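**Q** The following block contains a protein sequence and its predicted model.
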Amino acid sequence: MAEFPRSELEEMIGRYVETSNNAAKNGDWEALGQFYTDDAVYSWNNGPKHEFVARSRKEIVEWALGTEMEGLVGWNYPYVRTLIDDKQGEVIGIWRQLSPISNDRGGKLEIAGTGGSWFRYAGDFQWSWQRDFFDHGNAGALFMQLAQAGELSDEFLARMKKGSKMPGWIKRDDFDWYDTIDDRES
């Protein structure tokens, strides 16, 4: 894996986070598509039976930033920490998942647990690989709470009904995300 100047990786994650913050404000998550190579892989776990996998910039834009974000108007994912490994060209960003719904303490209802993204940098201000992690159980619990309270959009409720039939959702046994990263010394 090529080394990259730390300043370039800092600028990359800064650009990405700024675009993500703007997407949360204007609802245009597809604007993040510019940050992926044509052959990038983006994945996350969807519980014990399923994974989400997008295997190109086109799939990332259409599925990860498109159908997976449908109905999440007003949700915000502020980054609270970033860790940069300039030797391996990788970045880990830790983020929160805040709903637009207020809690009884005056803040926003939040998916509990730690959320984050592990990125591999390809140069030219693009990621070649991304693996998200978050507490799937807590996410499901909050979405069910919001659904029961009538606080989810019709678009998101329709997504929930589709479940594993959403584009990019595959059986967990059909994807080993470890195969998408290089073997390298720690």
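**A** Looks like it came in fine. Numbers count the residues shown, from 1 in each chain.

**Q** What does the pLDDT read for the most centrally placed residue in the chain?
**A** Closest to where the C-alpha atoms of the chain average out (Cα atoms, centre = their mean) is Asp132, at 5.1 Å. Listed pLDDT for Asp132 reads 98.

**Q** Confirm it sits in a helix?
**A** No. According to DSSP: H, G, I helix; E, B strand; the rest coil, Asp132 belongs to no helix; its state is strand.

**Q** residues contacting it?
**A** Tyr42, Ser43, Trp44, Gly115, Gly116, Ser117, Trp118 (Cβ atoms under 8 Å, 6 or more residues apart in numbering). Where you see a C-beta, it was placed from the backbone N, CA and C, and this is true even at glycine.

**Q** gap between it and Asp39?
**A** Going from Asp132 to Asp39 by Cβ to Cβ, to the nearest Å gives 18 Å.

**Q** what's the answer for Arg159, then?
**A** In this view, Arg159 and Asp39 are 27 Å apart by Cβ to Cβ.

**Q** Mind listing what's buried along stretch 40-50?
**A** Using 16 or more other Cβ atoms under 10 Å as the test for burial, stretch 40-50 gives Ala40, Val41, Tyr42, Ser43, Trp44, Asn45, Asn46, His50.

**Q** I'd like to know the average pLDDT value across that stretch.
**A** 93.

**Q** What is the end-to-end distance of that stretch?
**A** With Cα to Cα, to the nearest Å applied, stretch 40-50 spans 20 Å between its terminal residues.

**Q** And stretch 115-130, by the same measure?
**A** Start-to-end span of stretch 115-130 (Cα to Cα) is 13 Å.

**Q** so what's the nearest residue to Val61 once chain neighbours are set aside scoring on pLDDT?
**A** Leaving aside its chain neighbours, Val61 sits nearest to Gly33 (3.9 Å; criterion: Cβ to Cβ, 6 or more residues apart in numbering). If you check Gly33, the pLDDT there is 98.

**Q** Great, nothing more from me.
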